[in-house]
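Student: turn this into a structure:
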Amino acid sequence: MSTSIRNPESQPDHFTVRLILTFFSLAAILLSIFAWNTIGQSTQPGLEMVLININHGDSILLRSTKGETALIDAGYPDAGTLKYLNEHTVKHLDLLIVTHHDEDHIGGIPEVLRALEVDTYIENGQVIDTDYFHELDKTLQETGVRRKTVRTGDRIPFGELTLEVWNPSRARPDVVNNNSIVLFLQVGKVRFLLTGDIETPIEERLINSNRDLRVDILKVAHHAGNTSSSPAFLEAVKPKIAVYSASNNFPGFPNEDTIDLLRIAGAKVYGTNFNGTITINTDGKTYSISTETGQPLLPY
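Tutor: The predicted model follows:
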């Protein structure tokens, strides 16, 4: 009968085995932590929102950290929207959203449609008899861009983010401003409300909607005019930051009393008429604001 003889020097002792097992256990834990953190970072979308300084009129660019782009309104023709997009190498828009059909919101849309690749055009469905609207409608037909009409309760995908439509429930033929598409956007913990040109009746409807209206960033309605931003609405919204687009050369906009109401409500107020282009960046946890010039008006 043969007998095998073990060489004790060729076998690892218990201490070495335990050391090796401990090493691999720690390595596995560290890899798990790294993978979890990496996944968390990669799935947390951020956002840049830019109020483009085009004097009187709205033009808002949204860019996600994942690369999606959306333009909301474009001011008057040749007001500067397309110039800004070209200067910042924006050649493609996932979404082109028109809140309503006043000329200071749609006038610059045809030149954007002709110059950039646009995936989807979002509208409220109202048809009005103006030269600006007819030029827009003609350009949409010529370019063949996909059109989509939205209503209250619709959700517009924007990469990993979602734009919620809070107005209009229907496009009434006898109004324009109050048909504005109102958009709510939540990026992580940071909440945005973009109000187009809605006036007090729609603000009251939003108050009565039982939604949580509190936001961090409010795009002030109707260029901070006196038909919007009622005390009751601002009490419900409680904005920390209020931003608006307006010109110092357009009578009545912004309205000084409206600016005071925003400050009384506790908001820092930024306006393109004194801050130029306004850029807001968020990672979903915090946000920062930069301007071309000047400082915000502080809360009272």
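Student: could you use CA atoms for every contact and neighbour count after this?
Tutor: Will do.
Student: which of the three states applies to His101?
Tutor: Secondary structure, DSSP: H, G, I helix; E, B strand; the rest coil: His101 is coil.
Student: need phi/psi at it.
Tutor: The phi/psi pair for His101 (degrees, to the nearest 10) reads phi -110, psi 30.
Student: now for it: which residues touch it?
Tutor: His101 makes contacts with Gln126, Ile128, Phe133, Val176, as judged by CA atoms under 8 Å, 6 or more residues apart in numbering.
Student: run a quick neighbour tally on Ala115.
Tutor: 12 (other CA atoms under 10 Å).
Student: now swap in the one 10 residues further on and tell me
Tutor: Neighbour count for Gly125, taken as other CA under 10 Å: 18.
Student: neighbour count for the contacts of His101 - can I get that in JSON lines?
Tutor: What follows is these, written out as JSON lines (neighbours: other CA atoms under 10 Å):
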{"residue": "Gln126", "neighbour count": "17"}
{"residue": "Ile128", "neighbour count": "15"}
{"residue": "Phe133", "neighbour count": "19"}
{"residue": "Val176", "neighbour count": "18"}
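Student: farthest pair in those?
Tutor: Between any two of the contacts of His101, the greatest separation by CA to CA is 12.1 Å, found for Phe133 and Val176.
Student: among the contacts of His101, which are in helices?
Tutor: Phe133 (DSSP state H).
Student: regarding Leu113, what is its secondary structure?
Tutor: helix.
Student: model confidence for it, exactly?
Tutor: At Leu113, the model reports a pLDDT of 98.
Student: also Ala28?
Tutor: 58.
Student: repeat for Ile52
Tutor: For Ile52, pLDDT reads 98.
Student: how about the helices of this structure, start to end?
Tutor: Going by DSSP H, the chain shows helices at 14-43, 81-87, 103-106, 109-115, 131-143, 200-207, 231-237, 256-264, 272-275.
Student: adding distance to Pro239, write the contacts of His101 out as CSV.
Tutor: Shown next, in CSV, are the contacts of His101 (distance: CA to CA, whole Å):
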residue, distance to Pro239
Gln126, 30
Ile128, 33
Phe133, 33
Val176, 25
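Student: show me the contacts for the closest residue to His105 other than its chain neighbours.
Tutor: Using CA to CA, 6 or more residues apart in numbering and skipping the chain neighbours, the partner closest in space to His105 is Gly75 (4.3 Å). By CA under 8 Å, 6+ apart, the contact list for Gly75 reads 54, 56-59, 81, 103-109.
Student: any stretches of the chain with poor pLDDT?
Tutor: Scanning the chain for pLDDT under 70 picks out 1-43.
Student: and if we set it to 90?
Tutor: By pLDDT under 90, the low-scoring segments of the chain are 1-45.
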